[in-house]
Structures are given as structure tokens and as C-alpha cells.
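Asks: Got a predicted structure plus its sequence, pasted below:
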Amino acid sequence: MAVLTCNQLTKQYGHVTALDGLSFSIEPGRIVGLLGPNGSGKTTLIKLANGLLTPTSGSLSICGVAPGRESHALVSYLPERTAIPTWMSAAQLLDFYQDFYKDFRREAAEEMLAHLNIPARLRIKQMSKGTREKVQLIMVMSRAAKLYLLDEPIGGVDPATRDYILSTIISNYNPEAAVVISTHLIADVEKVLDEVLFINQGHLVLQSSVDEIREEKGMSVDALFREVFKC
Ligand SMILES: Nc1ncnc2c1ncn2[C@@H]1O[C@H](COP(=O)(O)OP(=O)(O)OP(=O)(O)O)[C@@H](O)[C@H]1O
């Protein structure tokens, strides 16, 4: 069964149509890049899949379940902006996640924090922006979820750490799960992607495997994106 299915998904904010009849599905085991210019609807799609917004029309489901209480147990979501309580230390955050999520793999999170030399006693508010992002991503990827929704996961992270973070994403998710990554840093991220969704003004422009783009078009995803969305 598909991990995420959208059927004629439409979302309007007043007179603005952010998503316009989107239909696609994402199969287990896929790491999918959700790519599109500013304002194309990426964050809106991620928020719908996480149940933070409701569709204006059309529908979506996660492993066959409509977004809501039941799907929350299946989805691990990294918001665009840091949303963790800043007074907590990394150690308190580990406790918090462990209490809150049955599927939280504490040892995996501790190992990643140690690898990035992030002390457990350090409070979130004492951390640099990039370190906060790393901590939050570590927490999100340490859940054994079915669908990971990562909205701009590496924006504030330095290029050397990006590679570690990306390899963390690949090595820490369960092959039954799917990962959706919204990003503008296509060149950095494309090496870990299996598939891409290009969206523009709320429409799906392309769903393709990355291998197909490389083989059939002889291009990187980054080069294709620049060609398709040339200003
Ligand atoms: N709360 C809101 N109220 C009104 N319009 C909104 C709201 N949130 C988003 N929009 C509009 O919906 C459209 C899609 O926005 P969205 O944030 O989903 O795009 P995005 O692809 O994530 O953009 P970016 O790459 O800049 O983060 C835009 O036209 C945006 O202005």
C-alpha cells in the first residue's frame, strides 16, 4: 500500500489557491524530493499530510488513513521553523520524545547527538541555529515512523554537516517508510533522492525517478529544475 496518496487535493486560503487538484502517490522505501519555486505549495502539502491543515476539496491518506489522530502515530514531521521548547536541554528533549512517542528510538538519537558533539546538558536556547536544526532533525528521524515529512531540513546547516545529516536520513529510516524532503538545496540533496515531485503554482508538473531524469534527460535534478523553472 502507498504511504502517501493524494487525490485531486486542493487547498485554498481565501482567494489564493495554494494546491490545485494534486494527485500522486508515494510508495514505501522511497526518498522523495518535493521541489518547486517559492510559493508553489510545498509547505501547504506537508501541513495537509500532517493534519495541520484540512483540504478545501479532494483527499489524502497516509497508509490508507486520513490525516488525524490515527495518522499522527505514523507521521514524523520536521516543521519549517524550530518548534521545540527552547528551555529544554538535549537530554530533556530525549525524555520528552520518549514519553510522547512510542516509536522513539532513544539510543539512535543519543548516538547521533554524540557523533555531532552536541552535549546532552546544553539547552536548546544556548545552541546556534544550525545546531538546533540538527537536534530537531535527529529527534524526528529517530522515530520509527511510516512517513517522514521534512520541510527544509538542512537550510541552516553548514555544507560539511549536510552530508552527515543526509546520510543520517538514509541510514535511520525504516525501508517500509517513505521520506518527503522539501528543499531548495537540490544539488546537495539529490544524491539521496529516489524520486522527485516538481510542483508549480499548486500543480504537479513532474513525478519521476531520479534515475530516469539522469538516464533519459542526461541531466542532474538541479539542472532540470533550473531549466523547468527558468525565470
Ligand atoms: N496562511 C496563509 N494564508 C494565505 N495564503 C497563504 C498562507 N500560507 C501560504 N499561503 C500562500 O499559498 C501559496 C503556497 O505557499 P507555501 O508556503 O505552501 O509555498 P512553498 O512552496 O512552501 O514556498 P517556499 O518555497 O517559499 O517556502 C503561496 O501563494 C502563499 O502565499
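Replies: All right, it came through fine.

Asks: Convert stretch 69-89 to PDB, retaining C-alpha atoms only.
Replies: C-alpha atoms of stretch 69-89 as PDB (Å, rounded to 0.1, in the frame of the first residue of the first chain):
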ATOM      1  CA  ARG A  69      -5.300  11.200  15.400                       C
ATOM      2  CA  GLU A  70      -4.500   7.800  13.900                       C
ATOM      3  CA  SER A  71      -2.100   9.100  11.300                       C
ATOM      4  CA  HIS A  72      -0.100  11.100  13.900                       C
ATOM      5  CA  ALA A  73       1.300   7.900  15.100                       C
ATOM      6  CA  LEU A  74       2.600   7.200  11.500                       C
ATOM      7  CA  VAL A  75       4.000  10.600  10.600                       C
ATOM      8  CA  SER A  76       7.200  12.200  11.900                       C
ATOM      9  CA  TYR A  77       7.200  15.900  10.900                       C
ATOM     10  CA  LEU A  78      10.000  18.400  10.800                       C
ATOM     11  CA  PRO A  79       8.500  21.900  10.500                       C
ATOM     12  CA  GLU A  80      10.000  24.700   8.500                       C
ATOM     13  CA  ARG A  81      10.800  26.600  11.800                       C
ATOM     14  CA  THR A  82      12.200  25.200  15.000                       C
ATOM     15  CA  ALA A  83       9.300  24.200  17.100                       C
ATOM     16  CA  ILE A  84      10.900  22.600  20.100                       C
ATOM     17  CA  PRO A  85      10.800  24.100  23.600                       C
ATOM     18  CA  THR A  86      13.900  26.200  23.900                       C
ATOM     19  CA  TRP A  87      14.300  26.000  27.700                       C
ATOM     20  CA  MET A  88      14.900  22.200  27.500                       C
ATOM     21  CA  SER A  89      18.300  20.700  27.300                       C
END
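
Asks: average pLDDT across that stretch?
Replies: In this model, stretch 69-89 has an average pLDDT of 89.

Asks: Return the residues of this protein in contact with the ligand.
Replies: Of all the residues in the chain, those in contact range of the ligand (Cβ under 6 Å from any ligand atom) are 13, 16, 18, 36, 38-44. In short, each C-beta sits where N, CA and C put it, glycine included.

Asks: what about burial for these, which qualify?
Replies: Neighbour counting by 16 or more other Cβ atoms under 10 Å classes 18, 36, 40-44 among the residues of the chain next to the ligand as buried.

Asks: Can you give me the separation between the residue nearest to residue 203 when sequence neighbours are not counted and residue 64?
Replies: Distances taken as Cβ to Cβ, 6 or more residues apart in numbering place residue 20 nearest to residue 203, at 5.5 Å, with adjacent residues excluded. Between residue 20 and residue 64 the computed distance is 24 Å (Cβ to Cβ, to the nearest Å).

Asks: the more surrounded of these two?
Replies: Remark: of residue 20 and residue 64, residue 20 carries more neighbours, 18 against 12, as counted by other Cβ atoms under 10 Å.
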